[in-house]
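Chemist: Got a sequence here, can you model it:
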Amino acid sequence: MLTRQPNAGARRWWYWPWHAVLLGAYPVLFLFAQNLADQVTLQPLWGPLLVCMAAAAGLLLLFYALRREWARAGLMASVVLVVVFSFGHVWNLVAGVLDQRWLLAAIWLVWGLGLAQVAWRGGPWVPRVTLILNIAVFALVLYNVVTIGGYVAATRLFPTSTGEVLDLDVGPAGRPDVYYIVFDRYAGETTLDRFYDYDNTPFLEALEERGFAVAHDSWANYFKTALSMLSTLTMDHLDPDLYNDSDPDSFGAAHAAFQARMAVPATFKNLGYEYVHIANWWEPTAYNVDADVIYRYTQQSEFSTVLFDTTLLSVLGPEPTGEPEQEVHGAELQRRHVLLGFESIVEATHHDGPTFTVAHLTVPHPPYAFNPDGSMPTAEQRAARDDSDGYLAQLEYTNRRALEVIDEIIDVEPGEPDPIIILQTDEGPFPPRFREQGADFPWLEATDDEILWKFNVLTAYRLPGVDAEAEGFYDRISPVNAFRILFNAYFAAGLELLPDVTYLSPDHDHMWDLVEYPREPISQP
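Modeler: Here you go, the predicted model:
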């Protein structure tokens, strides 16, 4: 007499090829877990996760239709997934040995076909391998889920409000529209002249003709966007104890603060302003709790672009140019965000006022997606340019488009308040030695020229009806004081200006071990 074993159903469950579907999830979860501090929320995760898991399930069903056996179909689907998703990681390891991605792609495809043939033929080993893969892949997925979950739980401890929100009265100038426009990694005039052999005087003079006060020796307070912009929008130097409790140091709390209540936007809201938030591919700027209107190109996220770059399908795109960020962020994605960013500033001028507009535009930050005339660089142009050439081409486009947009902003009807514009850089470009060493670059051992290269930035304020110098504007004004000057000049805030100091960090992993840098001799020619 035959009897059913009590655990037969459970055993069959473990031997079903769950690994094929889980392998669709694992690369997405792994990449997200490795970049948690840059994501802020889980929103960028869901789309790629669902697409990849659906693709994995589709492969499993396809191979089952061809082979009529779940175990071998699962092995074949897993082979395809491993080949596709491991390619980019392997390329990062061998790029110094192989000159062309297509060569590795050919090797990878041959390897994959060999594994697929073994899986197709199968054998008595298939059930045991299926069980092992199920356990291993489940463990990998679980580890990353726990990592992500732990981070999400920790974010609940991050500050939900940063800086003192002011309660101000409307001054004699009324409530003019205010535009805070940040060009990412736009170098100051000394850096451009000394290290790029580029004279930016025509652009600076064009700004002055439009009513701007230009700071000719302005330096960033910090070396990264997160720290610099957060300091500006909270009107204060950053307290490391408030933003960091991890080892190595993390941007997590600073990134989260971008989406929480900050002193400057909240103060404008108190004054009755509409807050227009113009975001880009960088996830921390995607949202802010006080924003009334958000403009952002949403069809493709930074995370999905990075994920695509790890796959074999990335071979179908343009060859990397050698700049790390060129490989991380697609030039086309960069281009769409920047174009929409400029267009959105113009769109904000048509809102019923008063409006406070924040626009963070990632130019001339790489990847280099613009010629001076605004066209996309061709493959031949990219190949012929070094990093400096690509940077200057994008900077010239930025200059031209910025003046066009500024002209739109200041073209107001008679009787309307004259707009205020804060034009600023968060950080300058990285010096060559940093591009070679990356996050391990020892800033405390950097040369004076390397520090100048990084920290000398563009700063220009358009403060109509105000004597900028009388309000504290001078050649060495730094980003932290931008809105202290503005609120004092137009709303009688009575704020003291803070010291215009520059802080260095030992390296990326110790970014919050801030050391004040004596910058006196650096900017002298």
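Chemist: now the strands for the chain?
Modeler: Assigned by DSSP state E, the chain shows strands spanning 161-162, 178-183, 212-214, 261-262, 274-278, 293-295, 355-361, 420-425, 459-462, 502-504, 515-517.
Chemist: which regions of the stretch 351-500 of the chain sit below the pLDDT cut-off?
Modeler: Nowhere does the stretch 351-500 of the chain drop to pLDDT under 70.
Chemist: now the chain
Modeler: Counting by pLDDT under 70, the chain has low-confidence residues at 1-11, 37-41, 95-96, 154-162, 245-249, 298-302, 317-329, 520-525.
Chemist: That one - how does it break down into domains?
Modeler: Listed by automatic domain parsing, the domain ranges of the chain are 8-155, 168-280+307-517.
Chemist: can you give me how far the longest one is from the chain middle?
Modeler: The chain centroid and the centroid of domain 168-280+307-517 are separated by 13 Å, computed with Cα atoms, centre = their mean, to the nearest Å.
Chemist: distance between the ends of it?
Modeler: Taking Cα to Cα, to the nearest Å, domain 168-280+307-517 runs 34 Å from one end to the other.
Chemist: that older thread, Asp290 is nearest to which of the domains of the chain?
Modeler: In this view, these are compared for proximity to Asp290 by Cβ to Cβ, and domain 168-280+307-517 is the closest at 4.7 Å. Placement of C-beta: from N, CA and C, glycine included.
Chemist: how far away is Trp108 from Ala119?
Modeler: 16 Å (Cβ to Cβ, to the nearest Å).
Chemist: just to revisit the earlier point, I'd like to know which of the strands of the chain lies nearest to Asn200.
Modeler: Taking Cβ to Cβ, strand 212-214 is the member of those nearest to Asn200, at 10.2 Å.
Chemist: quick one: strands adjacent to that closest one?
Modeler: In the sheet containing strand 212-214, the strands it pairs with under DSSP bridges are strand 459-462 (antiparallel).
Chemist: Okay, buried residues for the partner strand please.
Modeler: Thr459, Ala460, Tyr461, Arg462 (16 or more other Cβ atoms under 10 Å).
Chemist: can I get the residues you listed in a markdown table with distance to Ala260?
Modeler: Supplementary listing: the buried residues of strand 459-462 in a markdown table, determined by distance: Cβ to Cβ, whole Å:
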| residue | distance to Ala260 |
| --- | --- |
| Thr459 | 26 |
| Ala460 | 28 |
| Tyr461 | 26 |
| Arg462 | 28 |
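Chemist: from those residues, which is closest to Glu445?
Modeler: Set against Glu445, the nearest of the buried residues of strand 459-462 by Cβ to Cβ is Thr459 (27.3 Å).
Chemist: so what's the residue nearest to that closest one when sequence neighbours are not counted up against?
Modeler: By the measure of Cβ to Cβ, 6 or more residues apart in numbering, the closest residue to Thr459 outside its immediate chain neighbours is Ser218, 3.7 Å from it. Residues in contact with Ser218, defined by Cβ atoms under 8 Å, 6 or more residues apart in numbering, are Gly188, Asn456, Val457, Leu458, Thr459, Asp475, Arg476, Ile477, Ser478.
Chemist: The closest residue to Tyr151 other than its chain neighbours: neighbour count?
Modeler: If you skip the residues right next to it in sequence, Tyr151 has Leu36 as its closest partner in space, 4.6 Å away by Cβ to Cβ, 6+ apart. Residue crowding around Leu36 was assessed by other Cβ atoms under 10 Å; the count is 20.
Chemist: Test my guess that Leu36 contacts Gly252.
Modeler: Yes - at 6.9 Å, Leu36 and Gly252 qualify as touching, with contact defined as Cβ atoms under 8 Å.
Chemist: Now list whatever residues contact both of these two.
Modeler: Tyr151.
Chemist: about what we covered before: can you redo the strands of the chain as CSV, where the extra columns are distance to Pro44?
Modeler: As requested, those are exported to CSV (distance: least, Cβ to Cβ, whole Å):
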stretch, distance to Pro44
strand 161-162, 23
strand 178-183, 22
strand 212-214, 36
strand 261-262, 22
strand 274-278, 17
strand 293-295, 15
strand 355-361, 17
strand 420-425, 26
strand 459-462, 32
strand 502-504, 30
strand 515-517, 34
